[in-house]
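# How does the following fold in three dimensions:
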Amino acid sequence: LHGRNVRGFVTLNTLIFSDEFPDVAAFVTAIAEAGVDAVIVQDLGLVTLIKAIAPTLPVHGSTQMTLTEPRGIAFVRDLGVERVVLARELSLTDIQKVTSGKDTPVEVFVHGALCVAYSGQCLTSEALGGRSANRGQCAQACRLPYEMIVDGAPRDLGDRAYLLSPQDLAAFDHIQPLVDAGVISFKIEGRLKGGPYVAAATQTYRKAIDAALERADFHLPRSEELDLAQTFSRGFTPGFLEGNNHQRLVRGRFPKSRGVRDGVVAEVTRRGVRVRIAEPALDLVKPGDGVLFDIGRPETQEPGGRVWGVQRAATDLVELTFETGGLDSAAVPVGCDVYRTDDPALRKRLEQSYAQDRTARRVPVAAQVTGTLGGALTLTLTDPDGREATASWPGPLEAATKRPTTADDVRPQLARLGETPFALSDLSVALPDGVLVPRSVL
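This next block holds a predicted model:
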């Protein structure tokens, strides 16, 4: 990571049992020796242990510390926590109150799966199956179907059974006010996610952050929002950033990612299924895409398949055809929603954005070139942290018979840093007038 000019944090976020102290101490020692930039911790006792073992290793307070107000932040700051990740239940107004007048760096989550338990401290999985979410073993009880009993009688909720399964957080429209509130880092949830999800999410929030820093208006195009949802989404919600809105937080229809809603079934024909497109102005479902017909029973094998052909029947109406035997059309009711669960073309495009092992963040280095007629040529490179490297050519440097070397001749040669993690920034040339420096030497 450091070779690519990227920082690395380690999440040591489980609650620790007393008999595990020796193993934890050995692990903390190892990550400190590896040069980890920070460790993210929930267990307050573990903070004290880390500070005793590795006093200079920065400790960040996890969202599972449930830090929601200034007094809690002051308490963990006294323990040695240098940065805090606020609880996800805070609104923008709450966050502004927490950061106002305080100098502790603050992070917030802006994208990804939400835990229905307060600040992620779920005890349900432990109670039901002995698997503690605070030990990294969450069984995701929130993603199961439930019944609602009101005054002893079942309440008919229709097709809503996933009453504890939140939609996914998406706060790309809230980056500016979060920056204005003093938030210095944004967290994207990525547990068990794939590369295309990471690519789409980081590209989206990089644009939003850059716009906020430039005080420019930011509006994510609808097509890019759909691409983001396609990589993984249970539906998007601002979470608690706009305040409490439980109906918006939990839809209750399904617990898993369904991709993008393309439309609704208008007719089942002998050839396939006619779909009334939800947003005709945007790209339609394509041959090769995977689709699912939402019949309101996500716990079963709902009908769906890989699209073989798409024929437009009207401006907002297309007919989808499938491989012979690839879809049980009798199981597809008119009026059900159609979701695009897989888009190979989008996946390939996103994979190409990270397929090559390129150095994304190059370290700027300043170059100083010195030399004397009849003597050696010396090059010194210095990075922003003051580290230096020097190389010399014994020469001898000779006077030019035609055209002497200038700084404009030196820069393009030294800027050819190839696949190294460096980029030339400042250049200082201190050479005698009329000297010739061979390009091959540079």
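
# Please make it C-alpha for all contacts and neighbour counts, starting now.
Noted.

# Next, residue 405: phi, psi?
Backbone torsions for residue 405, taken as degrees, to the nearest 10, come to phi -80, psi 130.

# Spatially nearest residue to it (excluding sequence neighbours)?
Once flanking residues are discounted, residue 405 sits nearest to residue 436: 5.1 Å by Cα to Cα, 6 or more residues apart in numbering.

# doesn't residue 409 make contact with the one you found?
No: look at residue 436 against residue 409 with Cα atoms under 8 Å: they stay out of range, at 10.4 Å.

# Phi, psi for the residue nearest to residue 405 please.
phi -120, psi 120.

# burial of it, as a residue count?
For residue 436, the tally of surrounding residues (other Cα atoms under 10 Å) stands at 19.

# mind listing what it touches?
Counting by Cα atoms under 8 Å, 6 or more residues apart in numbering, residue 436 makes contact with 397, 398, 399, 400, 403, 404, 405.

# Using the three-state scheme, assign residue 297.
coil (DSSP: H, G, I helix; E, B strand; the rest coil).

# Run a quick neighbour tally on it.
As a burial measure, residue 297 scores 13 neighbours (other Cα under 10 Å).

# mind starting the numbering at 31 from now?
Let's use 31 as the start, then, which means that last one is residue 327.

# how about the strands in the stretch 131-280 of the chain?
In the stretch 131-280 of the chain, the strands defined using DSSP state E, counting those that start in this stretch lie at 136-142, 179-180, 183-184, 198-200, 215-218, 266-267.

# Turn those into CSV, including mean neighbour count and distance to residue 226.
Shown next, in CSV, are those (neighbours: other Cα atoms under 10 Å; distance: least, Cα to Cα, whole Å):
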stretch, mean neighbour count, distance to residue 226
strand 136-142, 23, 14
strand 179-180, 9, 41
strand 183-184, 9, 42
strand 198-200, 25, 16
strand 215-218, 16, 14
strand 266-267, 20, 17
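
# Take those and lay them out in TSV including mean pLDDT and distance to residue 43.
Below are those laid out as TSV (pLDDT from 0 to 100; distance: least, Cα to Cα, whole Å):
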stretch	mean pLDDT	distance to residue 43
strand 136-142	96	16
strand 179-180	96	35
strand 183-184	96	39
strand 198-200	96	21
strand 215-218	96	15
strand 266-267	94	26
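
# Make a markdown table from those strands and add distance to residue 103 to it.
Below are the strands of the stretch 131-280 of the chain laid out as a markdown table (distance: least, Cα to Cα, whole Å):
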| stretch | distance to residue 103 |
| --- | --- |
| strand 136-142 | 10 |
| strand 179-180 | 39 |
| strand 183-184 | 43 |
| strand 198-200 | 24 |
| strand 215-218 | 16 |
| strand 266-267 | 27 |
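
# Local confidence estimate at the residue nearest to residue 435?
Note on residue 466: pLDDT of 87.

# How about residue 49?
Looking at residue 49, its pLDDT stands at 94.

# Look at it and give its secondary structure.
Classification of residue 49 using three-state DSSP returns helix.

# what about it, how many residues close to it?
By the measure other Cα under 10 Å, the count of residues near residue 49 is 8.
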